[in-house]
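Compute the structure for the input listed below.
(chains A and B)
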Protein chains: 2
Amino acid sequence: MSNYFLRTLREDPSDAEVTSHRLLVRAGYIRRQAPGIFAWLPLGLRVKNKIETIVREEMAAAGAFEVHFPALLPREPYEVTGRWDEYGDGLFRLQDRKGSDLLLAPTHEEVFTLLVKDLYNSYKDLPLSIYQIQDKYRDEARPRAGLLRGREFTMKDAYSFDYTDAGLDVSYQAQRDAYERIFTRLGLEYVIVKADAGAMGGSRSEEFLHPTAVGEDTFVRSAGGYAANVEAFTTLAPPAIDWAPIPAAEVHDTPDTPTIQTLVDRANDAHPRPDGREWTAADTLKNVVLALTHPDGSRKLVIIGLPGDREVDLKRVEVAFAPAEAEAANEADLARHPGLVKGYIGPWSKSGAVLGEKSVTGIRYLVDPRVVDGTEWITGANEQGRHVFGLVAGRDFQVDGTVEAADVRAGDPAPDGSGPVELTRGMEIGHVFQLGRKYAEALGLKVLDENGKLVTVTMGSYGIGVTRILAIIAELNNDAKGLIWPETVAPFDVHVIATGRDEVVFDTSEAVVAAIEATGREVLYDDRRKVSPGVKFGDAELIGVPSIVIVGRGAADGIVELWDRRTGERTQVAVADVAASFG
Amino acid sequence: MSNYFLRTLREDPSDAEVTSHRLLVRAGYIRRQAPGIFAWLPLGLRVKNKIETIVREEMAAAGAFEVHFPALLPREPYEVTGRWDEYGDGLFRLQDRKGSDLLLAPTHEEVFTLLVKDLYNSYKDLPLSIYQIQDKYRDEARPRAGLLRGREFTMKDAYSFDYTDAGLDVSYQAQRDAYERIFTRLGLEYVIVKADAGAMGGSRSEEFLHPTAVGEDTFVRSAGGYAANVEAFTTLAPPAIDWAPIPAAEVHDTPDTPTIQTLVDRANDAHPRPDGREWTAADTLKNVVLALTHPDGSRKLVIIGLPGDREVDLKRVEVAFAPAEAEAANEADLARHPGLVKGYIGPWSKSGAVLGEKSVTGIRYLVDPRVVDGTEWITGANEQGRHVFGLVAGRDFQVDGTVEAADVRAGDPAPDGSGPVELTRGMEIGHVFQLGRKYAEALGLKVLDENGKLVTVTMGSYGIGVTRILAIIAELNNDAKGLIWPETVAPFDVHVIATGRDEVVFDTSEAVVAAIEATGREVLYDDRRKVSPGVKFGDAELIGVPSIVIVGRGAADGIVELWDRRTGERTQVAVADVAASFG
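Now for the predicted structure:
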């Protein structure tokens, strides 16, 4: 350490919002260059390389071959798939001196697809899985949390190519298994959650989340083993109800009921249920008008009907309508549809259907899956100050379909019947995704099958954020004094500290370093002569190498001290036994 | 190879201008993504990694520490040093969503300087050498020659930091020595040439060139060991001459002498030399008016006087006046100086000095180093149709200095007295450069010296183009059939080919592969069952693994064939001896 390129800092960096950022900067692993853009110092690079080595080994074990694509790519393939526009402000775009459009790639689906199209043409060439560990770019609106959300970051992205759905399942499983091995080796607890409701024709998508209260993602899980991120959660629809015994709907005056609660109170006061049970918000059907803006700039309205005790979750809505962006409709939107009476919107009116099939508005009407045929609702009558009571889905109004738009709550039943879910937080550490034929179709990747027929290839995409994972490991492995690396990714295996001024200390230290290195372990040796033991101990705690050897006064008697960074435990051991003490 | 991600191509890529590009694409090492931008396939990545490993080992041996900077950097530091503008169209510039200016770094002097400024403050921290192996970007006007001149390319760039000039010399020498070891290990013949005339206050700069007739750089060398690129060559000035015995200059009419040759002919006809020797072009003083455009847009004239048998070399001029760009002055430039008579420009006129000290034009007048005091010249008299004969430098005209602007020719004497030089061509494979204090001054990198005084740090910069070197190695190691890698960088050590259909062939092959791998060597195994031996041999020759083992009919008798890719020699060897045959 007397000449190693490493300086620890006493002060926390002023812009550090999270522990990992704070400690990685203070301990000399990284330095910020611009918002969300970091330089890697020797210690940081060592940890990053160790993570990459683990990823490479498991990719090889999964049968994937490593390639490496440029970060700077031409616009054309991203134009074909629509992502040049869909990425919006998140994409770094630039032009070369000839005015050709280029981008800094956020992911590489397009060019991997084109590479395979270039080189392969037969089902015999498949399956194929290829990957790269490469620096990617996203122009985040608010780069934050150090390496957790950067603008330049390192990812392992793998892509699989098959010509049958069954083949894709096998390739997907191989990557999924590799991810489990990778996270296990990295000592990262993970939950595999469904990440896509499967709206895209049976495609499958799962996220690996590390469960932690400070996670930025919310996911749900049941005691019975179901796990999904909130966007992917699907509502368990109750069975349909026979509406034969249900009396006809009635329209009632409901003045001064601006909220669901005032409506429910009014209903209980003025129109109590015949069975004596109180009306609740869950008996009302709230109809929310949303405007969807598509990447081509077009704006369309959709109305979503959901039980009055639920809120619309716009993130879930946007997954349902991807890649459109959703927001509440504005006055101008509503003004174009005089059939909708604000505050009293419903699918039915005394003069006919307002929403759904053959309606006067023609606006698409989608409902929460709980709105099954035969359910009875209090909902707007499309007249100022009036609601309709006992309006029966299927009998009195028709819908254009269902949509997963309502918020998810603790206690909601898991869709697989495994019981109620709880909501918990996590950090994304990996993503496996069956892309299906979307990219292959857009870019024309086809191969000849066994019968000599051209078939479109089906693909998977599998990502791990290397620098993000490094930050998460740092986030999880520290204490008030600094970092505490797991052995698998520590920058060095052992940190040897010489304390004192006697030559015997330094001679012993050098012998200890040599003995440990002879076992194949990497040693960081603090040989600084003008630095106090206290500073050296503080640096060691900050840097976080898991095993520390202190060579001090005992050296003259052939004794050194082993110091476990994680437990803080110190034990004395004979110099001759030090190397063997690391197993 | 039955499932390895590798496809060789029968056809040359249509855009390949050089052998390395053609063969690396055909043999499945790289694929073009855009002009000057390539993807690395598994074979290519393996070779690239091997080169990088050699570079890393020698950097470590030179005491340099590895770091890694982002490619995407903010404008500010490059603005401070002036490089944001100086790079002109060669720099990829972009803006983020907030409109902040960013660049894709072509080299990293600025941010390395700032990093050290951030972390270091004492002479005790120095010397320091740090490096990275990283992807760089240059928006080349004409990206060409495959990897030899790309727009995205991998470089090792190292930077040294010292607080004394003597320290810089030591750091520089350590990198220079490391480069010699690297190129030796890579099997690359090199010549170390001076790359800078030393105009920048004693700084030192050398290029490592691989001598080859197809090189893009011209350099000179003498039998006595002098070597320099043409831009750095310095002219050996003759000794000054005593002008006491030289008669006064005379003005003569010289009508119809538009060229040097017509002037010389006219001089020999009408004004023969008293000593009977013929006038030659070397006796005339040609005065060339150049316009220099500086990065700030300002345009200034300079006049260069040189012997009439020499031409101005604009590349040498631009080195002398860097970072200005030079071109011939135009009519408008000349029109502003009526004292200059086009075709008859000279430093002297009958009414006084036109150029040089106290001249009427005030234009800076620099001469070739051969124009020493006491030399006699025929030159323009600044009158239409008249020249002055016997004009003596120092006596009859004064200059503002000398400049290395004349072209360099075979036979010119080396400046170190080591004899005449020859001109030869080479490819740049590395560059070591004493930056001195330029960047440290601009960015304020100072440390406290032994006396507690702040001193500006002095730096060196050391670059090797990793991808460029890979291409050069490919360029030098091939034949009509394909690549022939040196062992140190071959993608695999041994290529085993199973030919035939008998199971004994495949069983034997697998045993051979296992035996070779057990010695620590990497094997590419061609186990394809439906591919003819001819195609396999062709692929092996194209791919260029240096050692090939053919397992065929002899397998039943325990005999296989060793095939040396470079010599073409084939020898039979017993299966049991194969692994040992690779030393």
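
Kindly confirm my reading that residue A:32 is in a helix.
No. Judged by DSSP: H, G, I helix; E, B strand; the rest coil, residue A:32 forms no part of a helix; its state is strand.

quick one: it and residue A:22 touch, right?
No. Residue A:32 is beyond contact range of residue A:22, at 11.6 Å (criterion: CB atoms under 8 Å). (Glycine included, C-beta is placed from N, CA and C.)

Mutual contacts of these two, please.
Counting by CB atoms under 8 Å, 6 or more residues apart in numbering or on different chains, the common neighbours of residue A:32 and residue A:22 are residue A:13.

need the strands for the stretch 401-550 of chain A, in chain order.
A:421-436, A:446-448, A:454-456, A:458-465, A:478-479, A:482-483, A:494-498, A:523-526, A:547-551 (DSSP state E, counting those that start in this stretch).

Does anything pack onto the third one? Which helices or strands?
The contact analysis (3 or more CB pairs under 8 Å, 6 or more residues apart in numbering or on different chains; DSSP states H and E) places strand A:454-456 against strand A:446-448.

So which elements touch the strand it packs on?
Packing partners of strand A:446-448 (3+ CB pairs under 8 Å, 6+ apart): strand A:454-456.

Distance from the strand it packs on to the middle of the chain?
32 Å (CA atoms, centre = their mean, to the nearest Å).

What's the local residue count around the residue in the stretch 451-583 of chain A that chain B sits nearest to?
Here the stretch 451-583 of chain A gets closest to chain B at one residue, residue A:530, 8.7 Å apart by CB to the nearest CB. Neighbour count for residue A:530, taken as other CB atoms under 10 Å in any protein chain shown: 8.

confidence score at the closest residue to residue A:311 other than its chain neighbours?
Excluding the flanking residues, the one nearest residue A:311 by CB to CB, 6 or more residues apart in numbering or on different chains is residue A:407, at 4.8 Å. For residue A:407, the model assigns a pLDDT of 95.

Against chain B, how distant is residue A:407?
30 Å (CB to the nearest CB, to the nearest Å).

got it, and residue A:185?
Residue A:185 is 22 Å from chain B, by CB to the nearest CB.

Residue A:155 now?
Taking CB to the nearest CB, one finds residue A:155 at 14 Å from chain B.

Which other helices and strands does the helix or strand hosting that residue contact?
Assigned by DSSP states H and E, residue A:155 falls within strand A:152-162. Judged by 3+ CB pairs under 8 Å, 6+ apart, strand A:152-162 is in contact with helix A:42-61, helix A:109-119, strand A:128-137, helix A:165-185, strand A:458-465, helix A:466-476.

Buried residues of the fourth one, list them for me.
Going by neighbour count (16 or more other CB atoms under 10 Å in any protein chain shown), the buried part of helix A:165-185 is A:167, A:168, A:171, A:172, A:174, A:175, A:176, A:178, A:179, A:182, A:183, A:185.

List of residues touching the helix or strand just after it?
Where DSSP H and E defines the elements, the next helix or strand beyond helix A:165-185 is strand A:191-194. Applying CB under 8 Å, 6+ apart, the contact partners of strand A:191-194 are A:176, A:180, A:205-211, A:219, A:221, A:227-229, A:232-233, A:426.

how about 7 Å then?
Outside strand A:191-194, the residues that touch it by CB atoms under 7 Å, 6 or more residues apart in numbering or on different chains are A:206, A:207, A:208, A:209, A:211, A:219, A:221, A:227, A:228, A:229, A:232, A:426.

now stretch A:477-490
With CB under 7 Å, 6+ apart, stretch A:477-490 has contacts from A:19, A:23, A:27, A:47, A:50-51, A:54, A:185-187, A:473-474, A:541-546, A:565-566.

Enumerate the residues of the stretch 1-150 of chain A near chain B.
A:4-5, A:7, A:31, A:33-34, A:37-42, A:45, A:65-74, A:89, A:92, A:94, A:96-97, A:111, A:115, A:118-119, A:128, A:130, A:135, A:137, A:139, A:141 (CB under 7 Å from any CB of the partner chain).

In ChimeraX, how would I select just the buried ones from those?
Typed into ChimeraX, the line below selects the buried ones among those, using 16+ other CB under 10 Å:
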select /A:5,7,31,33,34,37,38,39,40,41,42,45,65,66,67,68,69,70,71,72,73,74,92,94,96,111,115,119,128,130,135,137,139
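
Contacts only, for the residue nearest to residue A:360 when sequence neighbours are not counted.
Nearest non-adjacent residue to residue A:360, counting by CB to CB, 6+ apart: residue A:339, 4.8 Å away. Shown in contact with residue A:339 (CB under 7 Å, 6+ apart): A:354, A:360, A:361, A:382.

if you set the cut-off to 8 Å instead, what comes out?
Neighbours of residue A:339 in contact, by CB under 8 Å, 6+ apart: A:349, A:354, A:360, A:361, A:382.

Look at residue A:336 and say how many residues are nearby.
Other residues close to residue A:336 by other CB under 10 Å number 11.

And for residue A:205?
21.

Tell me the confidence at residue A:334?
89.

Then residue A:343?
In this model, residue A:343 carries a pLDDT of 89.

Equivalent analysis for residue A:362, please.
86.

ok, now how distant is it from residue B:90?
Distance of residue A:362 to residue B:90, given as CB to CB, to the nearest Å: 57 Å.

Which residues are in contact with the residue of the stretch 251-400 of chain A found nearest chain B?
Distance from chain B to each residue of the stretch 251-400 of chain A (CB to the nearest CB) is smallest for residue A:325, at 16.1 Å. With contact set as CB under 8 Å, 6+ apart, residue A:325 has these partners: A:292, A:293, A:318.

Please report the distance of the residue nearest in space to the middle of chain A from residue A:135.
Geometric centre of chain A, nearest residue: residue A:428, 4.0 Å, by CA atoms, centre = their mean. According to CB to CB, residue A:428 stands 19 Å off from residue A:135.

likewise residue A:63?
Residue A:63 is 25 Å from residue A:135, by CB to CB.

Kind regards, and thank you for your time.
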